[in-house]
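> Quick one, fold the following:
(2 chains)
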Amino acid sequence: MPGSTRTKRVVTEVPSVVDKRFNAITMGAGISVLVLLLLVGAFLFIQSSNAISETGVLRFLTRTEWRTDVQPPAIGVMGLLTGTVLVAFVAVLFAVPLSVFCALAITEYSTARRRKWLIGVVDLLAAVPSLLFGLWGFLFLSDKMIPISTWLTQNLGFIPIFSTEQNASLTGSIFIAGVVVALMVLPIITSVTREVFSQTPPGEKEAALALGGTRWGMIRAVVLPYGRGGIIGGSMLGLGRALGETIAVALLLPQVPQQIGESIHILQNGGATVSGFIANRAGADAFTTSGLMAAGLVLFIITLATNMIASVVVSKSRSGAGVDL
Amino acid sequence: MTAIAERANPMSQNSTLVTERPAIGRATIIGGPPPGAATLEARGACAWFGDRLVLEGVDLVMPAGQVTALIGPSGCGKSTFLRLLNRMHELIPGAALDGEIFLDGTDIYATGTRAQQVRMRIGMVFQKPNPFPAMSIRENVLAGLKLARLKCDEKDDLVEQSLLRAGLWKEVRDRLDSAGGALSGGQQQRLCIARSLAVQPNVLLMDEPCSALDPTSTRRVEETIDELRGEVTVVIVTHNMQQANRVSDTCAFFLAAENQPGVVVEQGPTRKMFENPDDPRTLDYVEGRFG
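Numbers count the residues shown, from 1 in each chain, chains lettered A, B, ... in the order given. Below is the predicted model:
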């Protein structure tokens, strides 16, 4: 009997005209971002088709050299990609520990006043134009880094990547470019990790302190495990930025594609990155331009993937639920 | 280990279970607190948040091995007083204090005394169960050792003893490696008690430990408190009059008039406080006429 006489009603709210309009505007803005992204991808794809069809997708992806002076031209993105990834990894390697400590200094070791001040300083670092970082690295830091590079190659030279050739110049190296890029990605990693650390449940922090823990002990037992997802996600976001960094790297590196055949020397002059190479060669003949577009497309896909993985990692972690990237 | 039983203070009328139970062993912790319960004494304790005086002139003795209940309506400074007792108060920005807190005769606020040392000897259980969710049950119990950098060669024994004391051993003995956060609320709270006990503190402070728990879990925690009598000094903040009556030996009644700091109106043996208190306000409060 019950059920047969019942009629099920689903009540839906009829949105007002204002809500309808506002909804349309916000949705439009959201969708336009997506469309723009697709347009950029499509543009790169169409522009690069000439060079790719002539070279072949696989050859383009695997070839290290980039020569347009021979007939037919032999171009490939592998050499550029190697340099790009190496610079980005050096950058992240330096930036992550620095950022994590910086974020801890802000969230755990500062009074309210110093916290504001420190956040401001780190944000200011993000506001410095990348060209200035490049100039500073090129004119100032490069020379100052030579002793460090020398020490590294003397003591860790048995690892192939740290070895250098006889009489090689130690300026304009992937290592130095990586250090400069580290400073540029520091603000973004710091800001993501800081955001995550600040959401650590106060109850757990108090529990750790009430057990007789020091502040550092509390950080290790509670804050760092809680913020792990944020650290990983923030690092990958930084990696995404570092992969695309252009001006500083274009200034610092000679932009000669890394030869895979010979071994890679990150401490000596040499190397190129996709973005830096594109900046240096922009405005060349039609075929080169098309090739650069293809290299750009590869970089576009890689950075997009890195950023997407980063946001997934952060949102899946316990701490990152409320963090916007 | 008979030392614990011998050390036990004269039992109050409330404790019936503790003498019948086999004594739980005591693993050796190197560098940990001295063994046994300790007396806490507050003299002229005052507390400020910024410019606001929230607690004034509290003189209170919390005898070794006994359970002291702090009762009174919300906002009268009970929790603040509790947090003064193990130096958690100073973690709040703008917090200040006056007066002295003696732990077995030594002022815990004396210059040169480190808060970590104090907190290791005076454990704390919070209102909301706060186990470390990323750690297993076992790791949770041993977290204090790691945090306070103590050494123990009998970790398995320590885990078992601490969980036994907290009344959780039987329920979790087969899943010590599963996550502490997966337990029920009441179990989590007992895990937090076990975690505090694992450092073998002389005093255990409890800040409304049952207010987030169901009646059954509440009873289990009360049984645990009862069993701790004699081994550890317990100071418990509670809004539940029946609970204060059931578990405590001595009682202190806090009260704050409007826009005035909290003070202790009356203190004494629990039975007297509930049956014939000196102050009419105490009688009104324990009989539920206000607060």
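> that's a helix at A:Arg194, yeah?
Yes: under DSSP: H, G, I helix; E, B strand; the rest coil, A:Arg194 sits within a helix.
> what's the closest non-adjacent residue to it?
A:Ala103 (4.0 Å; C-beta to C-beta, 6 or more residues apart in numbering or on different chains). Bear in mind the C-beta positions are built from the backbone N, C-alpha and C, glycine included.
> element containing the one you found?
helix A:78-107 (DSSP states H and E).
> I'd like to know the average pLDDT value across that helix.
Taken as a whole, helix A:78-107 has an average pLDDT of 93.
> May I have the next helix or strand after it exported as PDB, CA atoms only?
Per DSSP H and E, the first helix or strand lying C-terminal to helix A:78-107 is helix A:112-127. In PDB, the C-alpha atoms belonging to helix A:112-127 read as follows (Å, rounded to 0.1, in the frame of the first residue of the first chain):
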ATOM      1  CA  ALA A 112      52.700  37.500  13.500                       C
ATOM      2  CA  ARG A 113      54.700  40.600  12.500                       C
ATOM      3  CA  ARG A 114      57.700  38.800  11.200                       C
ATOM      4  CA  ARG A 115      55.400  36.400   9.300                       C
ATOM      5  CA  LYS A 116      53.800  39.300   7.400                       C
ATOM      6  CA  TRP A 117      57.200  40.700   6.700                       C
ATOM      7  CA  LEU A 118      58.700  37.500   5.400                       C
ATOM      8  CA  ILE A 119      55.700  36.700   3.200                       C
ATOM      9  CA  GLY A 120      56.100  40.100   1.700                       C
ATOM     10  CA  VAL A 121      59.800  39.600   1.000                       C
ATOM     11  CA  VAL A 122      59.200  36.200  -0.700                       C
ATOM     12  CA  ASP A 123      56.300  37.600  -2.800                       C
ATOM     13  CA  LEU A 124      58.600  40.500  -3.800                       C
ATOM     14  CA  LEU A 125      61.100  37.900  -5.100                       C
ATOM     15  CA  ALA A 126      58.300  36.700  -7.400                       C
ATOM     16  CA  ALA A 127      57.800  40.200  -8.700                       C
END
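> now the next helix or strand after helix A:112-127: mean pLDDT?
Following helix A:112-127 in sequence order, the next helix or strand is helix A:130-136 (DSSP H and E). If you average the pLDDT over helix A:130-136, you get 91.
> Determine the set of other helices and strands touching helix A:130-136.
helix A:174-197, helix A:247-252 (3 or more C-beta pairs under 8 Å, 6 or more residues apart in numbering or on different chains; DSSP states H and E).
> how far out from the middle of the chain is it?
Here the centre of helix A:130-136 is set off from its chain's centre by 17 Å, with C-alpha atoms, centre = their mean, to the nearest Å.
> The most centrally placed residue in chain B: what's it in contact with?
By C-alpha atoms, centre = their mean, chain B has its centre lying nearest to B:Leu205, at 2.0 Å. Residues in contact with B:Leu205 (C-beta atoms under 8 Å, 6 or more residues apart in numbering or on different chains) are B:Leu82, B:Leu85, B:Asn86, B:Ile122, B:Gly123, B:Met124, B:Val125, B:Val234, B:Val235, B:Ile236.
> distance of the first one from A:Gln71?
Taking C-beta to C-beta, to the nearest Å as the measure, B:Leu82 falls 85 Å from A:Gln71.
> same thing with the fourth one?
Between B:Ile122 and A:Gln71 the computed distance is 84 Å (C-beta to C-beta).
> These two: which has the busier surroundings?
Ranked by neighbour count (other C-beta atoms under 10 Å in any protein chain shown), B:Ile122 and A:Gln71 place B:Ile122 first, with 29 against 6.
> So stretch A:218-228, near chain B or not?
Yes: using C-beta under 8 Å from any C-beta of the partner chain, stretch A:218-228 reaches chain B at A:Met218, A:Ala221, A:Val222, A:Pro225, A:Tyr226.
> elements contacting the host helix or strand of A:Leu38?
Assessed by DSSP H and E, A:Leu38 sits inside helix A:17-55. Counting contacts by 3+ C-beta pairs under 8 Å, 6+ apart, helix A:17-55 packs against strand A:74-75, helix A:286-316.
> so which of the ones you listed comes closest to chain B?
helix A:286-316 (14.7 Å; C-beta to the nearest C-beta).
> For the closest one, name the packing helices and strands.
Packed next to helix A:286-316, using 3+ C-beta pairs under 8 Å, 6+ apart, are helix A:17-55, helix A:57-62, helix A:78-107, helix A:224-244, helix A:274-281.
> Burial check on the closest residue to A:Leu156 other than its chain neighbours, number of neighbours?
Closest residue to A:Leu156 in three dimensions, ignoring its sequence neighbours and counting by C-beta to C-beta, 6+ apart: A:Phe162, at 4.2 Å. As a burial measure, A:Phe162 scores 17 neighbours (other C-beta under 10 Å).
> Distance check, A:Phe162 against chain B.
Between A:Phe162 and chain B the computed distance is 36 Å (C-beta to the nearest C-beta, to the nearest Å).
> Model confidence score at that residue, please.
At A:Phe162, pLDDT is 85.
> for A:Phe158, same thing?
So A:Phe158 comes in at 86 (pLDDT).
> On the secondary structure side, give me the element for it.
Going by DSSP H and E, A:Phe158 is not in any helix or strand.
> B:Leu228: what's its closest spatial neighbour, skipping adjacent residues?
B:Leu228's closest residue in space is B:Val234 (C-beta to C-beta, 6+ apart), at 5.8 Å.
> Name the helix or strand of chain A that has the lowest mean pLDDT.
strand A:66-67 (a mean of 86; mean pLDDT, DSSP states H and E).
> Now do it: everything it contacts.
With C-beta under 8 Å, 6+ apart as the criterion, strand A:66-67 contacts A:Pro73, A:Ala74, A:Ile75, A:Gly76, A:Gly79, A:Leu80, A:Pro257, A:Phe277, A:Gly291.
> Let me see the contact set for B:Lys146.
B:Lys146 neighbours (C-beta under 8 Å, 6+ apart): A:Gly217, A:Ala221.
> so where's the chain shaky on pLDDT?
Picking chain A for this. In the predicted model, chain A carries pLDDT under 70 at residues A:1-4, A:258-263, A:318-325.
> sorry, should have said chain B
Those would be B:1-22, B:291, if you go by pLDDT under 70 across chain B.
> Tell me the residues of it that contact chain A?
B:86, B:88, B:91, B:93, B:116-117, B:119-120, B:123-124, B:126, B:128, B:130-134, B:143-144, B:146-149, B:192, B:195-196, B:199.
> Let's see which of these end up in helices.
If you go by DSSP state H, those have B:Gln116, B:Gln117, B:Arg119, B:Met120, B:Ala143, B:Gly144, B:Lys146, B:Leu147, B:Cys192, B:Arg195, B:Ser196 in helices.
> Can I get the buried ones among those residues as something I can paste into PyMOL?
Under the burial definition 16 or more other C-beta atoms under 10 Å in any protein chain shown, those of those that qualify are selected in PyMOL by:
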select buried, chain B and resi 116+119+120+143+144+146+147+192+195+196
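> Widest-spaced pair of the ones in helices among the residues of chain B next to chain A?
Pairwise distances across those (C-beta to C-beta) peak at 21.1 Å, for the pair B:Gln117 and B:Cys192.
> contacting residues around the closest residue to chain B within the stretch 1-150 of chain A?
Relative to chain B, the nearest point of the stretch 1-150 of chain A is A:Ala112 (6.4 Å; C-beta to the nearest C-beta). Residues near A:Ala112 by C-beta under 8 Å, 6+ apart: B:Pro93.
> contact partners of stretch A:206-214?
Taking C-beta under 8 Å, 6+ apart as the rule, stretch A:206-214 contacts A:215, A:217-218, A:221-222, B:86, B:88, B:91, B:116-117, B:119-120, B:123-124, B:126, B:130-132, B:143-144, B:147-148, B:192, B:195-196, B:199.
> Turn the helices and strands packed on helix A:130-136 into CSV, including mean neighbour count and distance to A:Ser16.
Converted to CSV, the helices and strands packed on helix A:130-136 look like this (neighbours: other C-beta atoms under 10 Å in any protein chain shown; distance: least, C-beta to C-beta, whole Å):
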stretch, mean neighbour count, distance to A:Ser16
helix A:174-197, 25, 35
helix A:247-252, 26, 49
